[in-house]
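>>> Below are the sequence and a predicted model for it; my questions follow.
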Amino acid sequence: MLRTPKPRNARSKRAMEARAPRDYEAAKKAIFVTGPHSSRLVSLAFKDLAALKKPDNIQFNKKNDCLPFESSGTESLEFWSGKNDASLFIVGNHQKKRKDNLIWARCFDGKVLDLLEMGVLQGKAIAEFKHLKSLLIDFYRGEEAPPASGPGAVPGAAGNSIALRNGLQHIICVTEGPELELGGADAPHSDPDLAKLYAAGAAQVKGSNSPADIDTSASGRVVYFRVYAPRPAVKTQSGATPKIELHEVGPSFDFVLRRRRPADATRLTNALKRPRTAAMSNKQGTTKRKNILTDDMGDMLGRVHMERQDLGKLQTRKMKGLKRGRGEDDEEDDDEVGDEDESEDVVGSGEEGFDEDDMRAVVDGEDEDEE
């Protein structure tokens, strides 16, 4: 286990959270390491394999004396893995004993999981294939047509303003070839079988770097590495199923298997484990639990089915502050009686309610007051 340091500031905390394990991991990074001696085929393989891995690749410019099958080389890979947050390695070197050699390595939990050594028999670069210019210029991002309007517009290109943003789909094909009759290190085993190579991964091994853990049962077998791109063969009528053909777009390599150090069974089992997500928790056995969904954020949502309700019979809560007191009814009655008396006085003060005798009585009363 790698030691997890405590973050000192917010920036380092964000960097550690970006490297933390998650339910759906991002693309794995691959580091291309050049040994002390190289060759034309190794350089060609590094260039084209790195182009296929972009942008998730890191290529070291300086040469490194790294031997992954030895303990010192394993420590170097583990150091680079933790430093660059990468779990895939390709180490290329060229020796008299093993010419045009490529070593593929995988790491898990900061430690080297397994190693596979292959030799490059022959290779063909991407530029050597004759195909569409768009594939040569932009294999991943696809061809971008000029816009119909705005800056950079091309007159008469209104009908060709479609951009292939998702890129062109490619198919990587790896097949097994016949036995290779070579001498020396590439000589085939007496009973080579590719099935033994896969079965070796489940074998119980000690997990050390001793030569006894190195598997050479599949030595001498040839592996063909090809890359194809689908392309419609002929134009068909609308609604008809188009005919698709595969065209080789490169790179093309012929590898020969040499040595392999399989992974420990326990560590391989831990590496293949998948975390239990919220969507998996919603499933009960082989069937899916009803009325339970999981949104894009991983939150669980439930759906409740209820009968149709009559809101007129709905029992609401009675608030004490809205209830009427005992004296409030009497006060409201008194207020209503007072309002009626005032309205009668206003009605009696009109011109129609006074006679001439009443007017004389009022005038006589005012004169008496003056005396």
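That came through fine. This structure is a prediction, so every number in the text was calculated from the model and none was measured.

>>> Residue 48 is in what secondary structure piece?
Using DSSP states H and E, residue 48 maps to helix 40-53.

>>> just checking, what packs against that helix?
Judged by 3 or more C-beta pairs under 8 Å, 6 or more residues apart in numbering; DSSP states H and E, helix 40-53 is in contact with strand 30-34, strand 57-63, strand 88-93, strand 101-108, strand 111-124. No exception for glycine: its C-beta is placed from N, CA and C like everyone else's.

>>> 7 Å - rerun?
Counting contacts by 3 or more C-beta pairs under 7 Å, 6 or more residues apart in numbering; DSSP states H and E, helix 40-53 packs against strand 30-34, strand 88-93, strand 111-124.

>>> mind checking which of these is nearest residue 230?
strand 111-124 (19.9 Å; C-beta to C-beta).

>>> Identify all contacting residues around the closest one.
The contact list for strand 111-124 (C-beta atoms under 7 Å, 6 or more residues apart in numbering) reads 41-42, 44-45, 68-69, 74, 77-78, 98-107, 186, 250-263, 267, 271.

>>> re the thing from before, could you dump the helices and strands packed on helix 40-53 into CSV with mean neighbour count, distance to residue 58 and mean pLDDT added?
Below are these laid out as CSV (neighbours: other C-beta atoms under 10 Å; distance: least, C-beta to C-beta, whole Å; pLDDT from 0 to 100):
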stretch, mean neighbour count, distance to residue 58, mean pLDDT
strand 30-34, 21, 5, 91
strand 88-93, 22, 10, 90
strand 111-124, 20, 17, 89
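
>>> Can you add distance to residue 297 and give those back as a markdown table?
Formatted as a markdown table, the helices and strands packed on helix 40-53 follow (distance: least, C-beta to C-beta, whole Å):
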| stretch | distance to residue 297 |
| --- | --- |
| strand 30-34 | 31 |
| strand 88-93 | 30 |
| strand 111-124 | 32 |
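
>>> tally of neighbours for residue 302?
Neighbour count of residue 302, defined by other C-beta atoms under 10 Å: 8.

>>> Please name the residues that touch the nearest residue to residue 58 once chain neighbours are set aside.
Counting by C-beta to C-beta, 6 or more residues apart in numbering, the nearest residue to residue 58 once its immediate chain neighbours are dropped is residue 31, at 4.8 Å. Counting by C-beta under 7 Å, 6+ apart, residue 31 touches 58, 60, 80, 84, 86, 89.

>>> what about residue 15, helix or strand, and which?
helix 10-19.

>>> In terms of secondary structure, what does that helix contact?
Going by 3+ C-beta pairs under 7 Å, 6+ apart, helix 10-19 lies up against no helix or strand.

>>> heads up, I number from 28, so please use that
All right, first residue 28 from here; so that's helix 37-46.

>>> for the nearest residue to residue 253 once chain neighbours are set aside, helix, strand, or coil?
Leaving aside its chain neighbours, residue 253 sits nearest to residue 200 (4.6 Å; criterion: C-beta to C-beta, 6+ apart). Of the three states, residue 200 takes strand according to DSSP: H, G, I helix; E, B strand; the rest coil.

>>> ok, how many other residues are close to residue 200?
Residues near residue 200, counting by other C-beta under 10 Å: 11.

>>> thought it was touching residue 255?
Yes - contact criterion C-beta atoms under 7 Å: residue 200 and residue 255 qualify, at 6.3 Å.

>>> before we move on, back to that, how far off strand 138-151 does the helix holding residue 75 point, in degrees?
Here helix 67-80 points in a direction 110 degrees away from that of strand 138-151 (axes from the mean of the first three to the mean of the last three C-alpha atoms, to 10 degrees).

>>> Now do helix 67-80 against strand 115-120, angle only.
Helix 67-80 and strand 115-120 are oriented at 160 degrees to each other (the same axes, to 10 degrees).

>>> what comes up buried for helix 67-80?
68, 69, 71, 72, 73, 74, 75, 76, 79, 80 (16 or more other C-beta atoms under 10 Å).

>>> wait, which of the residues you listed is closest to residue 121?
The nearest one, if we look at those relative to residue 121 and count by C-beta to C-beta, is residue 69, at 5.9 Å.

>>> show me what contacts the closest one?
119, 121, 127, 129, 147.

>>> if we can go back for a sec, output the buried residues of helix 67-80 as TSV; include the columns pLDDT and distance to residue 270.
What follows is the buried residues of helix 67-80, written out as TSV (pLDDT from 0 to 100; distance: C-beta to C-beta, whole Å):
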residue	pLDDT	distance to residue 270
68	91	36
69	90	39
71	90	34
72	89	34
73	89	37
74	88	34
75	88	29
76	89	31
79	86	27
80	85	31
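
>>> Return the closest of the residues you listed with respect to residue 273.
residue 79 (16.7 Å).

>>> OK, contacts around the closest one?
Residue 79 sits in contact with no residue, where contact means C-beta under 7 Å, 6+ apart.
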